[in-house]
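Peer 1: below is the sequence, then the predicted model.
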Amino acid sequence: MATYSRILLLTILLISTAIQTSAEKWSNAPPPCNFPAIYNFGDSNSDTGGMSAAFGPIPPPYGQDFFHGPAGRESDGRLIIDFIAEYLGLPYLSSYLDSIGTHFRHGANFAAGGSTIRRQNETIYENGISPFSLDIQVTNFDQFKSRTSELFHKAKNPFDRSQLPRPREFSRALYTFDIGQNDILDGFRKLTMPQLKAALPDIVNHFASSIIHLYEKGARNFWIHNTGPLGCLPAATLYITNPKPGFFDNYGCIKSHNSMVIEFNKQLKSRIEKLRKQLRRSSIIYVDVYSAKYHLISNTKYYGFTDPLKICCGRHENNFDVWCGQTMIINGSEIMGVSCSSPASYISWDGVHYSQAANQWVANHILNGSFSDPLFDVTHACLNH
């Protein structure tokens, strides 16, 4: 993996140089896409309030370092989807499931924490799996589009229309995806490695079906994140004792877990390449979030972060775990899962989700096109380009 990291660093430098050279060479480059809206689908990596609205609010100290309190996000602040909105000059996305203080003029977020691509035959109260699988999120979008278009045409004054997305803008919007992590994590829990590998094509096909459905409904611009290095999540390594030689890589990540994710991402990318040929009137950008995150994890000191396996929020010591925002009575004393003193120096916020600082680092390195296939930054990720 050390060799992989060096190769990746060199690749990033070469790509960045190519992008800069191209920008200097082509003074008549096409203008940015000016996306009027973002419609997002995903899990807790991009949920901005869905699960909080459906199953109860996320507790403090979540949200403390930007929103000054819980904001429906599983981080101390902003997520990558928030930085995408900022980058495009659009407001932060309101969750479709949230009816209070929301605004859908420039898009909506259908993501929900714990969501999977395929439906899972279990409840959220068992293992945290959301009922809002990707096909349900797409169904919610269909209803959102139909209902808001109907209300737009029935509106009797400009103010009412100003609160709704314009029907003609759905085809010009950016459709973003960050989902698949929980399908693999659920597979680690319920299946053998060969069984999970055999299930990957079906997971990818379910994902492709959602893209095709949205395309048939008029969506044209797709920005698709692959799945990050799940073997590097601190929560995945907490309970491992006496591992066999070679179980971890040089950075403390579980090799077998990351290998499975790499295989999933390989199949996802291949399927997206086929979709481009099938959906001719579309722009489908595949974003290698895995490589961006792994590069950060393998170069933490260089980028000013602490040990990537350390957890900022919560207490994990002496064989007990108090997760972020939770309280436990241990030996007669109340122990709280509070934040560390410097979240900005941590990659992991709560053992599963990234800190705002890490999210911002990843966003800065993917939105400029360095990890995109084809090599377009997000402002040029539309059909016209």
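Peer 2: Thanks, I have the structure now.
Peer 1: and Tyr294, that's in a helix?
Peer 2: Yes - assessed with DSSP: H, G, I helix; E, B strand; the rest coil, Tyr294 lies in a helix.
Peer 1: that one against Cys232, yeah?
Peer 2: Yes - contact criterion CB atoms under 8 Å: Tyr294 and Cys232 qualify, at 7.1 Å. The way it works is simple: take the backbone N, C-alpha and C, and place the C-beta from them, glycine included.
Peer 1: show the pLDDT at Leu14.
Peer 2: Looking at Leu14, its pLDDT is 51.
Peer 1: quickly list what's touching both of Tyr294 and Cys232.
Peer 2: Listed as contacting both Tyr294 and Cys232 by CB atoms under 8 Å, 6 or more residues apart in numbering are Asn258.
Peer 1: count of residues packed around Gln195?
Peer 2: By the criterion of other CB atoms under 10 Å, Gln195 has 10 neighbours.
Peer 1: tell me the secondary structure for the nearest residue to it once chain neighbours are set aside?
Peer 2: Among residues not flanking Gln195 along the chain, Gly187 sits closest, at 7.6 Å (CB to CB, 6 or more residues apart in numbering). Secondary structure for Gly187, judged by three-state DSSP, is helix.
Peer 1: tell me the contacts of Gly187?
Peer 2: Residues near Gly187 by CB under 8 Å, 6+ apart: Gln195, Leu196, Ala199, Met260.
Peer 1: confidence score at Gln181?
Peer 2: 98.
Peer 1: give me the nearest residue to it, chain neighbours excluded.
Peer 2: With sequence-adjacent residues excluded and distances taken as CB to CB, 6+ apart, Gln181 is closest to Thr227, at 5.2 Å.
Peer 1: show me what contacts that neighbour?
Peer 2: Counting by CB under 8 Å, 6+ apart, the residues that Thr227 touches are Gly180, Gln181, Ile184, Val261, Phe264, Asn265, Leu268, Val289, Tyr290.
Peer 1: of the contacts of Gly187, which belong to helices?
Peer 2: Within the contacts of Gly187, residues falling in helices by DSSP state H are Gln195, Leu196, Ala199, Met260.
Peer 1: just the closest of these to Asp98, please.
Peer 2: Using CB to CB, Ala199 comes nearest to Asp98 of the ones in helices among the contacts of Gly187, at 32.4 Å.
Peer 1: count of neighbours near that closest one?
Peer 2: Ala199 sits with 16 neighbouring residues when counted by other CB under 10 Å.
Peer 1: correct me, but it touches Leu191?
Peer 2: Yes - using CB under 8 Å, Ala199 is in contact with Leu191, at 6.8 Å.
Peer 1: returning to that earlier point: ok, so of the contacts of Gly187, who is nearest Gly50?
Peer 2: Nearest to Gly50 among the contacts of Gly187, with distances taken as CB to CB, is Ala199, at 25.5 Å.
Peer 1: tell me the contacts of the closest one?
Peer 2: Neighbouring residues of Ala199 by CB under 8 Å, 6+ apart: Gly187, Leu191.
Peer 1: report the separation between the closest residue to Gly351 other than its chain neighbours and Gly187.
Peer 2: Using CB to CB, 6+ apart and skipping the chain neighbours, the partner closest in space to Gly351 is Ala235 (3.7 Å). According to CB to CB, to the nearest Å, Ala235 stands 16 Å off from Gly187.
Peer 1: may I have the secondary structure class of Asp202?
Peer 2: Classification of Asp202 using three-state DSSP returns helix.
Peer 1: and stretch 220-239, how far apart are its ends?
Peer 2: Terminal residues of stretch 220-239 lie 44 Å apart, using CA to CA, to the nearest Å.
Peer 1: list the buried ones in that stretch?
Peer 2: 220-237 (16 or more other CB atoms under 10 Å).
Peer 1: in helices, which of these fall?
Peer 2: Judged by DSSP H, the buried residues of stretch 220-239 include Pro234, Ala235, Ala236, Thr237 as members of helices.
Peer 1: from memory the last one sits against Pro308, does it?
Peer 2: So that's Thr237. No - counting by CB under 8 Å, Thr237 stays clear of Pro308, with 10.5 Å between them.
Peer 1: overlap of the contact sets of those two?
Peer 2: Common neighbours of Thr237 and Pro308 (CB under 8 Å, 6+ apart) are Gly252.
Peer 1: which members of the contacts of Thr227 are the farthest-apart pair?
Peer 2: By the measure CB to CB, Ile184 and Val289 form the most distant pair in the contacts of Thr227, at 13.7 Å.
Peer 1: show me the strands in the stretch 1-150 of the chain, by range?
Peer 2: 38-42, 107-109 (DSSP state E, counting those that start in this stretch).
Peer 1: and the longest one, average pLDDT?
Peer 2: When you say that, I think you mean strand 38-42. Regarding strand 38-42, the rounded mean pLDDT is 98.
Peer 1: could we number from 24 for the rest of this?
Peer 2: I'll keep to 24 as the first residue from here, and by that count the last item is strand 61-65.
Peer 1: residue contacts, Ala60?
Peer 2: Listed by CB under 8 Å, 6+ apart, the contact partners of Ala60 are Leu113, Arg128, His129, Gly130, Pro188, Glu192, Phe193, Arg195, Ala196, Leu197.
Peer 1: and the last one, bridged to which residues?
Peer 2: When you say that, I think you mean Leu197. Ile61, Asn244 (DSSP bridges).
Peer 1: give the burial count for it, as a bare number.
Peer 2: Residues near Leu197, counting by other CB under 10 Å, number 27.
Peer 1: wait, it touches Leu406, no?
Peer 2: No - using CB under 8 Å, Leu197 is not in contact with Leu406, being 10.8 Å away.
Peer 1: and stretch 173-185, what's buried?
Peer 2: Under the neighbour-count criterion of 16+ other CB under 10 Å, stretch 173-185 has Phe175, Arg184 buried.
Peer 1: how long is that stretch end to end?
Peer 2: OK, stretch 173-185 end separation, CA to CA: 14 Å.
Peer 1: centre of the chain versus it, how much separation?
Peer 2: Distance of stretch 173-185 from its chain centroid, counting by CA atoms, centre = their mean, to the nearest Å, is 33 Å.
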